[in-house]
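Student: everything below, folded, please.
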Amino acid sequence: MRSTNLFFLGFLLAWTIPSLLLAQTDIPLLSEAVYQKTSGATVKIVSDAGRKIGSGVIVGVRRDGVGFILTSYSMVAGRDKVAVILRNYSDPLLGRVVDKWIDFDLDLAIISITEFPAEQPMVTIVKSTEAIVGESYSIISHTDIGDWSAVAVELTSAEKTNLKLNLDDATGCEGAPLVNKDGNLLGLLVTTKGSPTEGGTFGEAVPSGMLLPILQDWFQSIDLQQKWQEKGGGFGSWIWAIGGGILGGAVATMVALSGGDSDGPSGLPRPPDPPAGGEQ
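Tutor: Next comes the predicted model:
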């Protein structure tokens, strides 16, 4: 079974890696320096046997070398392990979805990676009140143009719990960071709806004002040697009350991702399904 798993992973990554050679030639709204830092803090996630591609952002590295990626739960739902590719590191990595760090209401999840490559850039989070309706911002995602593409999007509405964006293409957008011209995180794109043939594609993002309290709660007892940066001050100290979202507190059991001898019960269980609609 181990050899089967390794063969499958090799096939998956062989399909994925060629796209890493595509370089972004047009960087809308971002300077080259800002793009390099922001894209370096963004990862590519391959899920569902290679049929689903999305993004995530690096939020921290524990002192024992375990790295943490924030992404959309929809991107990894039903998956225990996913392939994670860093822009600044040539070798693909295996990540495990941490079932105790899932927020169903806001569609957020954390992926852990053992032996995380050192000195990777961290995401910088700023107040979501800096997001202005009608203005254009950028997301870093994986499109037909190439991986780690900077895509200009328009903010169509901004609420305390939700940002809505106009997208030209939804490819590789789940888990993508929404950033300002300085490359600072205003929100995390978690879902996309519609299509160009149906009158347009729309995205919904969790604002940074919702993300930050949850990250602070999840990681309050974790000994991080590197972590996300906070800029601008004035973030609310409240924690968003959710129905069954944060599971089991901040401490999770980390499991070495050796691949194992089987896909049996060893390691973390598959993430539980979200509660039924309306259920608390």
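Student: backbone dihedrals for the residue nearest to residue 40 when sequence neighbours are not counted, please?
Tutor: Distances taken as C-beta to C-beta, 6 or more residues apart in numbering place residue 121 nearest to residue 40, at 4.2 Å, with adjacent residues excluded. C-beta coordinates here come from the backbone N, C-alpha and C atoms, glycine included. Backbone torsions of residue 121, given as degrees, to the nearest 10, read phi -70, psi 150.
Student: distance check, residue 121 against residue 36.
Tutor: Per C-beta to C-beta, to the nearest Å, residue 121 is found 9 Å from residue 36.
Student: between the two, which has more neighbouring residues?
Tutor: residue 121 (20 against 16; other C-beta atoms under 10 Å).
Student: contacting residues for that one?
Tutor: Contact partners of residue 121, counting by C-beta atoms under 8 Å, 6 or more residues apart in numbering, are 37, 40-41, 58, 88.
Student: and if you look at residue 192?
Tutor: By C-beta under 8 Å, 6+ apart, the contact set of residue 192 is 167, 170, 173-174, 201-204.
Student: quick one: the strands in the stretch 1-150 of the chain?
Tutor: Ranges of strands in the stretch 1-150 of the chain, per DSSP state E, counting those that start in this stretch, are 42-47, 52-62, 67-72, 81-86, 93-103, 108-113, 124-126, 136-143, 146-158.
Student: let me know the angle separating the third one from strand 81-86.
Tutor: Looking back up the chat, that one is strand 67-72. With axes from the mean of the first three to the mean of the last three C-alpha atoms, to 10 degrees defining the directions, strand 67-72 sits at 110 degrees from strand 81-86.
Student: and for strand 67-72, what are the contacting residues?
Tutor: 43, 45, 54-62, 84, 95, 107-113, 116-117, 120, 123, 174-175, 188-191, 211, 215, 219.
Student: using ChimeraX, define a selection of the buried residues within those residues.
Tutor: Filtering these down to the buried ones (16 or more other C-beta atoms under 10 Å) takes a single ChimeraX command:
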select :43,45,54,55,56,57,58,59,60,61,62,84,95,107,108,109,110,111,112,113,116,120,123,174,175,188,189,190,191,211,215,219
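Student: where does the stretch 101-250 of the chain have low pLDDT?
Tutor: Counting by pLDDT under 70, the ranges of the stretch 101-250 of the chain that qualify are 169-172, 194-200, 233-250.
Student: identify the bridge partners of residue 227.
Tutor: Assessed by DSSP bridges, residue 227 has beta-bridge partners residue 60.
Student: thought it was touching residue 219?
Tutor: Yes. Using C-beta atoms under 8 Å, residue 227 is in contact with residue 219, at 7.1 Å.
Student: what do those two both touch?
Tutor: Shared contacts of residue 227 and residue 219 (C-beta under 8 Å, 6+ apart): 59-60.
Student: picking that back up, highest average neighbour count across the strands of the stretch 1-150 of the chain?
Tutor: For the strands of the stretch 1-150 of the chain, the largest average neighbour count (mean count of other C-beta atoms under 10 Å) is found in strand 67-72, namely a mean of 27.
Student: between it and strand 108-113, how big is the angle?
Tutor: Strand 67-72 runs at 150 degrees relative to strand 108-113, counting by the same axes, to 10 degrees.
Student: all the helices of the stretch 101-250 of the chain, residue numbers only.
Tutor: Counting by DSSP state H, counting those that start in this stretch, the stretch 101-250 of the chain has these helices, from start to end: 208-218.
Student: let's have the strands of the stretch 1-150 of the chain in TSV, adding distance to residue 29.
Tutor: Listed next are the strands of the stretch 1-150 of the chain as TSV, based on distance: least, C-beta to C-beta, whole Å:
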stretch	distance to residue 29
strand 42-47	15
strand 52-62	17
strand 67-72	22
strand 81-86	23
strand 93-103	29
strand 108-113	25
strand 124-126	15
strand 136-143	5
strand 146-158	6
